[in-house]
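Participant: what's the 3D shape of this:
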Amino acid sequence: MDAMFALSALQLTRQEDVPAGDSATETVGPRGRVGMRRNAQMYFDRALDSQRHGVGEDEDEALVLEKTREAAYLTSILLSVYALVALGEPPADDDPPEASHAALVLWLRLSTATQTAYHTYQPPASVQTPVQTALAWYGNTHTRDEDRLYHTEQGRPFTQLLTFAAEYETLSLSDTEIYTKVLSHISHTFKLSNSGAETPLQICQRLAALPSRLPPRFTDLAEARAPRALVMLAHVLLHMKLIENEVPLLRGIAGRQVCWIEGVVPRAWRERMGFPMMIVEGEIRGMPPANDAGRVWVGGV
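Facilitator: Numbers count the residues shown, from 1 in each chain. The predicted model follows:
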């Protein structure tokens, strides 16, 4: 319940008028939003603490009672969604310079943590429960469409995100495989969105759950500010800009986080940030030309 209250309170802070009482017309201003934000953080902290006691922080510690497995799985998803929505919150006056990076890593870690709850909660396939939809998105690293995600053609037009500056970077085989998987998801999501094969809400579910379908190593790379990981994250986040009008929970996330990434990556890597920046600035919508993602376009050509 704490996780639900946290997400509800956070959503209220993002509305222009926050209800102050039973009447829908009785509202409060900025002070009310500040108070609601504090309540959201309080509920989030309490839910996170309870979750850590209910589900271990690694798979070996996952000792969840039979009757609480479903609740633990759903709570892990709600905590992840809260951390994602919080990425769009404007910075507070007393936020440290590293606040954006810390918030981004928190979302990645909480989303990845759903893998433990997913493997702990495994209902029979014949049983239809409220979490069946969630099972298709969160924590499941082995998906039915995984094989076709990995075709070389599927990665276009974003393959330069994988090959750029490769001669100056020593990548292990496992890290290359992780980056390839992220690249595949980026391109696949773009194509689903552009073709209309999935609704904005389905695209939102796919994006929110993406870190939970990747090895935890990707979060480590992002936390270490590996330029390739951050630039790929920018290409994940820019999808949210394209659908934020249809999914209000996503408003502000891409604008804040993509701009932060563009400001912290090395100068040479900013060339790969051209496409995300043009998306968040509203200059273009949709897919870039084949294998041209991230090029600094002049005049949108």
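Participant: okay, helices next: where are they in this structure?
Facilitator: 2-13, 30-54, 69-86, 99-120, 132-135, 146-149, 152-155, 160-163, 173-195, 200-209, 216-223, 227-243, 253-264, 274-280 (DSSP state H).
Participant: which strands or helices does the last one pack on?
Facilitator: With contacts defined as 3 or more C-beta pairs under 8 Å, 6 or more residues apart in numbering; DSSP states H and E, helix 274-280 has these neighbours: helix 227-243, helix 253-264. (Each C-beta comes from the backbone N, C-alpha and C, glycine too.)
Participant: who does the last one touch, helix- and strand-wise?
Facilitator: Identification of packing neighbours for helix 253-264 by 3+ C-beta pairs under 8 Å, 6+ apart yields helix 99-120, helix 227-243, helix 274-280.
Participant: ok, the longest one next?
Facilitator: Packing contacts for helix 227-243, counted by 3+ C-beta pairs under 8 Å, 6+ apart, involve helix 160-163, helix 173-195, helix 200-209, helix 216-223, helix 253-264, helix 274-280.
Participant: would a markdown table of the ones you listed with mean neighbour count, mean pLDDT and distance to residue 6 be doable?
Facilitator: Below are the helices and strands packed on helix 227-243 laid out as a markdown table (neighbours: other C-beta atoms under 10 Å; pLDDT from 0 to 100; distance: least, C-beta to C-beta, whole Å):
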| stretch | mean neighbour count | mean pLDDT | distance to residue 6 |
| --- | --- | --- | --- |
| helix 160-163 | 17 | 82 | 34 |
| helix 173-195 | 18 | 86 | 27 |
| helix 200-209 | 19 | 88 | 16 |
| helix 216-223 | 19 | 93 | 21 |
| helix 253-264 | 20 | 93 | 17 |
| helix 274-280 | 21 | 90 | 27 |
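Participant: what is the neighbour count of the residue nearest to residue 10 when sequence neighbours are not counted?
Facilitator: Leaving aside its chain neighbours, residue 10 sits nearest to residue 40 (4.1 Å; criterion: C-beta to C-beta, 6 or more residues apart in numbering). Around residue 40 there are 23 other residues, counting by other C-beta atoms under 10 Å.
Participant: residues contacting residue 40?
Facilitator: Going by C-beta atoms under 8 Å, 6 or more residues apart in numbering, residue 40 touches 6, 7, 9, 10, 13, 82.
Participant: take these and lay them out in CSV including neighbour count.
Facilitator: Output for the contacts of residue 40, formatted as CSV (neighbours: other C-beta atoms under 10 Å):
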residue, neighbour count
6, 26
7, 21
9, 21
10, 24
13, 20
82, 26
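Participant: okay, the residues you listed in CSV with pLDDT next?
Facilitator: What follows is the contacts of residue 40, written out as CSV (pLDDT from 0 to 100):
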residue, pLDDT
6, 75
7, 71
9, 69
10, 72
13, 70
82, 84
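Participant: could you verify my assumption that residue 251 touches residue 244?
Facilitator: Yes - applying C-beta atoms under 8 Å, one finds residue 251 in contact with residue 244, separated by 4.7 Å.
Participant: re the thing from before, wait, which of the helices and strands packed on helix 227-243 is closest to residue 235?
Facilitator: Nearest of the helices and strands packed on helix 227-243 to residue 235, taken as C-beta to C-beta: helix 173-195 at 5.0 Å.
Participant: who does that closest one touch, helix- and strand-wise?
Facilitator: helix 146-149, helix 152-155, helix 160-163, helix 200-209, helix 216-223, helix 227-243.
Participant: ok, now with 6 Å
Facilitator: helix 152-155, helix 160-163, helix 227-243 (3 or more C-beta pairs under 6 Å, 6 or more residues apart in numbering; DSSP states H and E).
Participant: buried deepest among the ones you listed, which one?
Facilitator: Highest mean neighbour count among those (mean count of other C-beta atoms under 10 Å): helix 227-243, with a mean of 23.
Participant: outside of that one, which residues touch it?
Facilitator: Residues from elsewhere that reach helix 227-243 (C-beta atoms under 6 Å, 6 or more residues apart in numbering): 161, 182, 186, 189, 200, 203, 207, 221-222, 250, 253-254, 257-258, 261, 265-266, 269, 272, 276, 279-280.
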